[in-house]
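In: Based on what follows, work out the 3D shape:
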Amino acid sequence: MGYFANISGSLVIEHFTGDSTPTSSGNWISHLNPHVGPNFTYDSETEVFYPPEMYPSWTLDKTTQMWISPAAEPARSGSEVYQWNEDELRWDS
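Out: The predicted structure is shown next:
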């Protein structure tokens, strides 16, 4: 089973999982990441996919391929859940 992404510019516009390369038109590339989906960005120089931007204030860490908030998420105590507050640039519980 393989994974294929249809790339327009550097944006993934379609994703396909199957045994053969899709036959529909487009710039299909084969890859090994099962978590890629539409709106991911493909860096052809490093052959890496980056997930869509979470919030405008977050920055992309190309080493981990993850978006990083400007404030560290607080340590969890029990089942407490935090939500990012983009207006206040902080984590709210």
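In: any weak-confidence spans in the protein?
Out: Across the chain, nothing is flagged by pLDDT under 70.
In: Quick check: end-to-end length of stretch 55-72?
Out: End-to-end distance of stretch 55-72 (CA to CA, to the nearest Å): 14 Å.
In: So for that stretch, what gets flagged as buried?
Out: 58, 67, 69 (16 or more other CB atoms under 10 Å). (C-beta placed from N, C-alpha, C; glycine too.)
In: Could you export these as JSON lines, including distance to residue 89?
Out: As requested, the buried residues of stretch 55-72 are exported to JSON lines (distance: CB to CB, whole Å):
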{"residue": "58", "distance to residue 89": "10"}
{"residue": "67", "distance to residue 89": "14"}
{"residue": "69", "distance to residue 89": "8"}
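In: and which of those is nearest to residue 78?
Out: residue 69 (21.5 Å; CB to CB).
In: separation between that closest one and residue 83?
Out: Separation of residue 69 from residue 83 (CB to CB, to the nearest Å): 11 Å.
In: which residues are in contact with both of those two?
Out: residue 91 (CB atoms under 8 Å, 6 or more residues apart in numbering).
In: residue ranges of the strands in the chain, please?
Out: 2-8, 11-18, 28-31, 41-43, 48-50, 59-61, 66-68, 83-85, 90-92 (DSSP state E).
In: Which secondary structure elements does the fifth one sit against?
Out: Which is strand 48-50. Applying 3 or more CB pairs under 8 Å, 6 or more residues apart in numbering; DSSP states H and E, one finds that strand 48-50 contacts strand 41-43.
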